[in-house]
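Student: Fold the following.
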Amino acid sequence: MNKFLGLREQEKTAFFIDGANLYKAARNLGFDIDYKSLLKKAQDGCQLIRASYYTAIQEDRDQDYSPLRPLVDWLDYNGYTMVTKTTREFTDSQGRKRFKGSTDVELVVDMMLMAERLDHLVLFSGNGDFRRVIEAIQSKGVRVTVVSTVKSSPPMASDELRRQADTFTDLADLESMIGRTGGPPRKTKPADDYDDEFEDEYEDDFEDVD
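Tutor: Sure thing, here's the model as predicted:
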(Lines give C-alpha, C1' and ligand atoms only; values in the text may rest on other atoms or scores of the structure.)
Protein backbone atom coordinates (compact mmCIF):
# COMPACT_ATOMS: atom_id res chain seq x y z
CA MET A 1 0.00 0.00 0.00
CA ASN A 2 1.27 3.45 -0.92
CA LYS A 3 1.87 5.78 2.02
CA PHE A 4 0.16 8.58 0.08
CA LEU A 5 -3.58 8.37 0.83
CA GLY A 6 -3.33 4.59 1.19
CA LEU A 7 -3.29 4.20 -2.60
CA ARG A 8 -2.86 0.67 -3.98
CA GLU A 9 -1.23 -0.01 -7.33
CA GLN A 10 -3.84 -2.55 -8.42
CA GLU A 11 -6.87 -0.45 -7.50
CA LYS A 12 -8.89 1.59 -9.97
CA THR A 13 -9.14 4.96 -8.28
CA ALA A 14 -10.72 8.34 -8.92
CA PHE A 15 -10.15 11.70 -7.24
CA PHE A 16 -13.09 14.07 -6.75
CA ILE A 17 -12.03 17.56 -5.70
CA ASP A 18 -14.51 20.04 -4.26
CA GLY A 19 -12.45 23.01 -5.41
CA ALA A 20 -13.81 25.74 -3.17
CA ASN A 21 -13.82 23.53 -0.09
CA LEU A 22 -10.26 22.30 -0.65
CA TYR A 23 -8.98 25.79 -1.37
CA LYS A 24 -10.55 27.10 1.82
CA ALA A 25 -9.13 24.23 3.90
CA ALA A 26 -5.61 24.73 2.54
CA ARG A 27 -5.83 28.49 2.96
CA ASN A 28 -6.90 28.10 6.59
CA LEU A 29 -3.89 25.84 7.14
CA GLY A 30 -1.60 28.41 5.54
CA PHE A 31 -0.43 26.72 2.33
CA ASP A 32 -1.36 26.26 -1.32
CA ILE A 33 -1.95 22.99 -3.15
CA ASP A 34 0.62 21.87 -5.72
CA TYR A 35 -1.80 20.24 -8.15
CA LYS A 36 0.98 18.96 -10.40
CA SER A 37 2.52 17.07 -7.50
CA LEU A 38 -0.89 15.81 -6.37
CA LEU A 39 -1.65 14.32 -9.78
CA LYS A 40 1.82 12.77 -10.13
CA LYS A 41 1.59 11.05 -6.74
CA ALA A 42 -1.86 9.73 -7.64
CA GLN A 43 -0.69 8.37 -10.99
CA ASP A 44 2.34 6.72 -9.38
CA GLY A 45 0.33 5.13 -6.58
CA CYS A 46 -2.70 3.60 -8.28
CA GLN A 47 -4.58 3.01 -11.50
CA LEU A 48 -5.94 6.54 -11.66
CA ILE A 49 -9.09 6.59 -13.78
CA ARG A 50 -9.84 10.28 -13.40
CA ALA A 51 -9.06 13.34 -11.29
CA SER A 52 -12.02 15.71 -11.40
CA TYR A 53 -12.06 19.28 -10.10
CA TYR A 54 -15.39 21.01 -9.41
CA THR A 55 -15.86 24.73 -9.02
CA ALA A 56 -18.23 27.59 -9.71
CA ILE A 57 -16.73 30.54 -11.59
CA GLN A 58 -17.66 34.16 -11.19
CA GLU A 59 -17.94 35.88 -14.54
CA ASP A 60 -18.46 39.50 -13.53
CA ARG A 61 -20.17 41.42 -16.33
CA ASP A 62 -18.44 44.60 -15.18
CA GLN A 63 -14.93 43.06 -15.24
CA ASP A 64 -15.41 40.25 -17.79
CA TYR A 65 -12.77 38.27 -15.90
CA SER A 66 -12.62 35.65 -13.16
CA PRO A 67 -9.52 35.33 -10.93
CA LEU A 68 -10.22 31.58 -10.96
CA ARG A 69 -9.81 31.32 -14.73
CA PRO A 70 -5.97 30.87 -14.80
CA LEU A 71 -6.19 27.98 -12.32
CA VAL A 72 -9.11 26.36 -14.16
CA ASP A 73 -7.29 26.64 -17.50
CA TRP A 74 -4.05 25.23 -16.08
CA LEU A 75 -5.80 22.24 -14.50
CA ASP A 76 -7.72 21.60 -17.71
CA TYR A 77 -4.50 21.43 -19.74
CA ASN A 78 -2.60 19.39 -17.16
CA GLY A 79 -4.54 16.20 -16.63
CA TYR A 80 -7.60 17.21 -14.60
CA THR A 81 -11.19 16.84 -15.69
CA MET A 82 -12.85 20.19 -15.07
CA VAL A 83 -16.49 20.56 -14.10
CA THR A 84 -17.45 24.22 -13.83
CA LYS A 85 -20.59 26.28 -13.45
CA THR A 86 -21.05 30.00 -13.89
CA THR A 87 -22.29 31.74 -10.76
CA ARG A 88 -25.59 33.58 -10.73
CA GLU A 89 -25.41 37.28 -9.95
CA PHE A 90 -28.07 38.80 -7.72
CA THR A 91 -28.63 41.82 -5.49
CA ASP A 92 -29.23 41.28 -1.78
CA SER A 93 -31.69 43.15 0.46
CA GLN A 94 -29.11 45.88 1.10
CA GLY A 95 -28.55 46.48 -2.60
CA ARG A 96 -25.14 44.82 -2.74
CA LYS A 97 -24.08 42.61 -5.65
CA ARG A 98 -23.70 38.94 -4.74
CA PHE A 99 -22.79 35.73 -6.57
CA LYS A 100 -24.29 32.31 -5.93
CA GLY A 101 -23.07 29.01 -7.29
CA SER A 102 -22.49 25.38 -6.33
CA THR A 103 -21.27 22.24 -8.12
CA ASP A 104 -22.33 19.83 -5.35
CA VAL A 105 -25.00 18.17 -7.49
CA GLU A 106 -22.58 17.59 -10.36
CA LEU A 107 -20.04 16.10 -7.99
CA VAL A 108 -22.56 13.70 -6.43
CA VAL A 109 -23.93 12.56 -9.79
CA ASP A 110 -20.45 11.90 -11.18
CA MET A 111 -19.40 9.92 -8.10
CA MET A 112 -22.45 7.70 -8.39
CA LEU A 113 -21.97 7.19 -12.13
CA MET A 114 -18.32 6.17 -11.72
CA ALA A 115 -18.71 4.03 -8.59
CA GLU A 116 -19.32 0.82 -10.55
CA ARG A 117 -15.89 1.18 -12.20
CA LEU A 118 -13.89 1.93 -9.05
CA ASP A 119 -12.17 0.16 -6.19
CA HIS A 120 -11.22 3.36 -4.35
CA LEU A 121 -12.72 6.85 -4.36
CA VAL A 122 -10.88 9.82 -2.85
CA LEU A 123 -13.02 12.86 -1.99
CA PHE A 124 -11.31 16.17 -1.24
CA SER A 125 -14.00 17.90 0.81
CA GLY A 126 -15.17 18.25 4.38
CA ASN A 127 -18.78 18.99 3.44
CA GLY A 128 -21.11 16.88 5.58
CA ASP A 129 -23.77 16.96 2.87
CA PHE A 130 -21.74 14.29 1.05
CA ARG A 131 -22.14 11.71 3.84
CA ARG A 132 -25.15 9.97 2.31
CA VAL A 133 -23.61 9.59 -1.15
CA ILE A 134 -20.43 8.19 0.43
CA GLU A 135 -22.55 5.63 2.25
CA ALA A 136 -24.26 4.66 -1.02
CA ILE A 137 -20.91 4.29 -2.80
CA GLN A 138 -19.53 2.14 0.01
CA SER A 139 -22.54 -0.17 -0.37
CA LYS A 140 -21.21 -0.96 -3.86
CA GLY A 141 -17.96 -2.23 -2.38
CA VAL A 142 -15.93 0.91 -3.06
CA ARG A 143 -13.39 2.05 -0.47
CA VAL A 144 -13.71 5.77 0.30
CA THR A 145 -11.04 8.14 1.57
CA VAL A 146 -11.97 11.67 2.62
CA VAL A 147 -9.35 14.43 2.67
CA SER A 148 -10.04 17.59 4.64
CA THR A 149 -8.88 19.04 7.94
CA VAL A 150 -9.82 19.36 11.59
CA LYS A 151 -6.57 21.17 12.37
CA SER A 152 -7.64 24.55 10.98
CA SER A 153 -9.60 27.26 12.77
CA PRO A 154 -12.45 26.56 12.35
CA PRO A 155 -12.25 22.85 11.41
CA MET A 156 -13.32 22.15 7.82
CA ALA A 157 -14.34 18.47 8.06
CA SER A 158 -17.72 17.51 9.47
CA ASP A 159 -17.75 14.76 12.09
CA GLU A 160 -20.41 12.74 10.26
CA LEU A 161 -18.40 12.71 7.02
CA ARG A 162 -15.25 11.64 8.87
CA ARG A 163 -17.08 8.80 10.61
CA GLN A 164 -18.64 7.59 7.36
CA ALA A 165 -15.37 7.44 5.40
CA ASP A 166 -13.29 4.28 5.46
CA THR A 167 -10.25 6.49 5.95
CA PHE A 168 -9.93 10.15 6.87
CA THR A 169 -6.69 11.94 5.98
CA ASP A 170 -6.04 15.37 7.44
CA LEU A 171 -4.88 17.81 4.78
CA ALA A 172 -2.39 19.27 7.24
CA ASP A 173 -0.48 15.97 7.19
CA LEU A 174 -0.07 16.21 3.40
CA GLU A 175 1.53 19.67 3.28
CA SER A 176 5.06 18.30 2.93
CA MET A 177 3.93 16.15 -0.02
CA ILE A 178 1.56 18.41 -1.98
CA GLY A 179 2.15 21.86 -0.52
CA ARG A 180 3.32 24.42 -3.06
CA THR A 181 6.71 25.92 -2.31
CA GLY A 182 8.28 29.18 -3.38
CA GLY A 183 5.53 31.52 -2.20
CA PRO A 184 5.46 33.73 0.89
CA PRO A 185 4.53 31.86 4.07
CA ARG A 186 1.03 32.39 5.39
CA LYS A 187 -0.03 32.19 9.00
CA THR A 188 -3.04 30.19 10.10
CA LYS A 189 -5.63 32.43 11.71
CA PRO A 190 -6.59 31.62 15.31
CA ALA A 191 -10.23 30.77 15.92
CA ASP A 192 -11.09 34.09 17.57
CA ASP A 193 -9.52 36.00 14.66
CA TYR A 194 -11.21 34.03 11.91
CA ASP A 195 -12.87 36.19 9.29
CA ASP A 196 -14.02 34.55 6.10
CA GLU A 197 -13.87 37.41 3.63
CA PHE A 198 -15.65 35.26 1.09
CA GLU A 199 -18.66 34.60 3.28
CA ASP A 200 -20.19 37.99 2.65
CA GLU A 201 -19.54 37.88 -1.08
CA TYR A 202 -20.59 34.40 -2.17
CA GLU A 203 -23.22 31.85 -1.30
CA ASP A 204 -23.05 28.06 -1.22
CA ASP A 205 -19.57 26.66 -1.84
CA PHE A 206 -18.25 29.14 -4.38
CA GLU A 207 -15.05 30.91 -3.51
CA ASP A 208 -12.60 32.94 -5.49
CA VAL A 209 -8.83 32.63 -5.62
CA ASP A 210 -6.61 35.39 -4.29
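
Student: Would you point out which residue is most central in the chain?
Tutor: Note on the chain: the residue nearest the mean C-alpha position is Asp18, at 2.9 Å, using Cα atoms, centre = their mean.

Student: count of neighbours near Gly179?
Tutor: 18 (other Cβ atoms under 10 Å). Heads up, the C-betas are built off the backbone N, CA and C, glycines and all.

Student: And for Ser37?
Tutor: Around Ser37 there are 15 residues (other Cβ under 10 Å).

Student: Give the buried residues for the strand or helix carrying it.
Tutor: Secondary structure assigned from DSSP states H and E places Ser37 in helix 35-45. For helix 35-45, burial by neighbour count (16 or more other Cβ atoms under 10 Å) applies to Tyr35, Leu38, Leu39, Lys41, Ala42, Gly45.

Student: Which secondary structure element of this protein has the lowest mean pLDDT?
Tutor: Least confident helix or strand of the chain, by mean pLDDT, DSSP states H and E, is strand 202-203 with a mean of 34.

Student: quick one on the thing from earlier: which member of the buried residues of helix 35-45 is positioned nearest Val83?
Tutor: Nearest to Val83 out of these is Tyr35 (Cβ to Cβ; 15.1 Å).

Student: Any figure for the gap between the closest one and Arg96?
Tutor: Distance, Tyr35 to Arg96, using Cβ to Cβ, to the nearest Å: 33 Å.

Student: Pull out the buried residues from the helix or strand in which Ala51 is found.
Tutor: Element membership for Ala51, per DSSP H and E: strand 47-57. Using 16+ other Cβ under 10 Å as the test for burial, strand 47-57 gives Gln47, Leu48, Ile49, Arg50, Ala51, Ser52, Tyr53, Tyr54, Thr55, Ala56, Ile57.
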